[in-house]
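>>> Following is a predicted model, sequence given first.
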Amino acid sequence: EYQQNGTSDSSQTWPNMAHFWMPFTANKQFKANPRLLVSAQGMYYTDIEGNKILDATAGLWCCNAGHGRQEISEAVSKQISQLDFAPSFQMGHPLAFELADKLCQLSPDGLEKVFFTNSGSESVDTALKMALCYHRANGQATRTRFIGRELGYHGVGFGGISVGGIGNNRKTFSQQLLQGVDHLPHTLDIANNAFSHGLPPHGLDKAEVLEQLITLHGAENIAAVIVEPMSGSAGVILPADGYLKRLREITHKHGILLIFDEVITGFGRLGAAFASERWQVTPDMITTAKAINNGAIPMGAVFVSNTIHDTCMHGPDELIEFFHGYTYSGHPVAAASALATLSIYENEQLFDRAKGLELYFEQAVHSLKGLPNVIDIRNTGLVAGIQLAPSDKGVGKRGYAIFDHCFRQGALVRATADIIALSPPLIVEKSQIDDMVNHISDAINAVG
Ligand code: PLP
């Protein structure tokens, strides 16, 4: 049913792979030649055959504090024996409140309310619903349209794929997407910006399309604009310098909410708590997940402006203000893991550490310029994208071959079509950055 490679670690039993329908995976290809991880510590995974794999992706943009953190596993184990679960509707437990309090010490001033979810997709759908809830409570119920951006990724809920702009995630479902959604143009411009270091110089004008969409529909019909400050999933696509600030000016002017989807950029990835802090633009909501608790337990959070929150809190005391929530919102074990994670970030100053490593990382990844088929390299914070020309076998074939080659040689990178993305844990050492770059260079040369 599947093929086993190399020398098998006899202590590991290979599972029957027939029944798990894997997400965002070419199931047949994977099961014919699996990549199975069985443990992780620090910067390394170990696969089922006992090979050490350098983690150049923090799992899936999640494990910013590195793997196997004792503080997190102890907090989880203590919490699960003390209070495994508490109902989340009309009931509470102290840790969720404590966590919200701590999170708001990191969030921008004025965004000091938190709604808990279990994933990035749920955070996005929550934020979109909150935008509608707010405008209605504010007496502007006609504001219902959303504006996303081409190549944006906002998870896989119907809300998220509607505002998202990745064709493959939408096509099969296109007849059932949300009504009333437009998309800004994406900000990838290789012709003008190839091999920029940090934010690219060209493309500020793409923010002006927002004014055109507002003219087309009327500001009074538009609820919110949602963008990733940096598009991660589509392959590390950066906005031009000043672009986010311009979106903020336009949305402010027209009473439209601005949502930053920081599921990837939150919690230190860019050398600051949030992209919002790094680039000094404060939206009305920030959606998060992933590194909020180092990926230990499913959890997400939406940071909401005090204004949105307070406006929604109208009506009699016994009224439920927002008919929305999840069984596991603020789950005690997830909350415990998040509190432990935030302590690690603080004690080890990991966001500053990421900032301190940024230049080294930038120079290391840009050293790949000149290798065969490398057409662009983009970076910010501890994120980089290395874009290759598609091979004549088809789009994505070269990217996948590089990803698979790196894995078989001992490094986990991420491939989106023909873009290789790097986002190492923030504990990464310079020598490990060198290792990652060497792995990619070897793979690019080997794959051709
Ligand atoms: N939003 C962004 C910006 C993301 O990068 C992701 C996941 O990568 C999501 C939302 C969806 O998160 P999840 O997979 O936890 O639902």
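Done, it's in. Numbers count the residues shown, from 1 in each chain.

>>> Count the neighbours of Pro108 for me.
Counted with other C-beta atoms under 10 Å, the neighbours of Pro108 add up to 19. All C-beta atoms are positioned from the backbone trio N, CA, C, and that covers glycine.

>>> The closest residue to it other than its chain neighbours: how many residues sit nearby?
Counting by C-beta to C-beta, 6 or more residues apart in numbering, Thr282 is the residue found nearest to Pro108 once chain neighbours are left out, at 4.5 Å. Look at Thr282: counted by other C-beta under 10 Å, it has 18 neighbours.

>>> where does Thr282 land on pLDDT?
Looking at Thr282, its pLDDT reads 98.

>>> Quick one: residues contacting it.
By C-beta atoms under 8 Å, 6 or more residues apart in numbering, the contact list for Thr282 reads 108-111, 248, 276.

>>> Any idea what Thr394 is bridged to?
Careful, residue 394 is Gly; it's not Thr. On the basis of DSSP bridges, Gly394 is bridged to Ser391.

>>> Quick check: residues of the stretch 101-250 of the chain near the ligand?
Counting by C-beta under 6 Å from any ligand atom, the stretch 101-250 of the chain comes close to the ligand at 119-121, 124, 153-155, 228, 232-233.

>>> tell me which element Gln12 is part of?
For Gln12, there is no helix or strand it lies in under DSSP states H and E.

>>> Could you find the closest non-adjacent residue to it?
Closest residue to Gln12 apart from its sequence neighbours, by C-beta to C-beta, 6+ apart: Ile48 at 4.9 Å.

>>> Hmm, Thr13 and that neighbour touching each other?
No - taking C-beta atoms under 8 Å as the definition, Ile48 is not a contact partner of Thr13, at 9.0 Å.

>>> Of these two, which one has the most company?
For Ile48 and Thr13, the more surrounded residue by other C-beta under 10 Å is Ile48, and the numbers stand at 21 against 9.

>>> Can you pull the phi and psi angles for the more buried one?
Main-chain dihedrals, Ile48, degrees, to the nearest 10: phi -70, psi -20.

>>> Next: the one 3 residues further on.
Recorded main-chain torsions at Asn51 are phi -80, psi 140, according to degrees, to the nearest 10.

>>> do you know how far it is from the ligand?
Separation of Asn51 from the ligand (C-beta to the nearest ligand atom, to the nearest Å) stands at 26 Å.

>>> Was I right to think that residue contacts Leu412?
No - the criterion here is C-beta under 8 Å, and Asn51 misses it with Leu412 at 11.0 Å.

>>> so what pLDDT did the closest residue to the ligand within the stretch 1-150 of the chain get?
The stretch 1-150 of the chain approaches the ligand most closely through Gly120 (2.2 Å), counting by C-beta to the nearest ligand atom. Per-residue pLDDT puts Gly120 at 98.

>>> now swap in Ser11 and tell me
So Ser11 comes in at 65 (pLDDT).

>>> And for Gly315?
pLDDT recorded at Gly315 is 89.

>>> do the same with Tyr2
For Tyr2, the pLDDT comes out at 37.

>>> that older thread, compare Asn51 and Leu412 (neighbour count), which wins?
Neighbour count, other C-beta under 10 Å: between Asn51 and Leu412, Leu412 has more, with 24 against 18.

>>> Identify the bridge partners of the more buried one.
When assigned by DSSP bridges, Leu412 has beta-bridge partners Asp55.

>>> so it sits right up against Thr57, yeah?
Yes - counting by C-beta under 8 Å, Thr57 is a contact partner of Leu412 at 5.5 Å.

>>> The residue nearest the centre of the chain - nearest residue in space that isn't next to it in sequence?
The chain has Ile264 as the residue nearest its centroid, 2.5 Å off, counting by C-alpha atoms, centre = their mean. Spatially, and ignoring its direct neighbours in sequence, Ile264 is nearest to Gly232 (3.7 Å; C-beta to C-beta, 6+ apart).

>>> Could you report the neighbour count for the nearest residue in space to Val383 that is not next to it in sequence?
Distances taken as C-beta to C-beta, 6+ apart place Ser423 nearest to Val383, at 5.0 Å, with adjacent residues excluded. Neighbour count of Ser423, defined by other C-beta under 10 Å: 28.

>>> who are the neighbours in contact with Ser423?
Contact analysis of Ser423 by C-beta under 8 Å, 6+ apart lists 56-58, 61, 232, 264, 269, 382-384, 414.

>>> For these, give me TSV that also has distance to Leu103.
As requested, the contacts of Ser423 are exported to TSV (distance: C-beta to C-beta, whole Å):
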residue	distance to Leu103
Ala56	27
Thr57	24
Ala58	19
Trp61	18
Gly232	21
Ile264	17
Arg269	16
Leu382	21
Val383	22
Ala384	27
Arg414	27
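
>>> Selecting buried members of the residues you listed in PyMOL, what would you type?
Buried subset of those, written as a PyMOL selection, criterion 16 or more other C-beta atoms under 10 Å:
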select buried, resi 56+57+58+61+232+264+269+382+383+384+414
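
>>> which one of the contacts of Ser423 sits closest to Leu188?
Nearest to Leu188 among these: Gly232, at 12.9 Å, using C-beta to C-beta.

>>> surely that closest one meets Trp61?
Yes - between Gly232 and Trp61 there is a contact at 6.2 Å, judged by C-beta under 8 Å.

>>> Mind listing the shared neighbours of these two?
Counting by C-beta under 8 Å, 6+ apart, the shared contacts of Gly232 and Trp61 are 263-264, 423.

>>> what about Ala377, which SS state?
Quick fix: residue 377 reads Ile, not Ala. Taken by DSSP: H, G, I helix; E, B strand; the rest coil, the conformation at Ile377 corresponds to strand.

>>> got the contact list for it?
195, 365-366, 368-369, 384-387.
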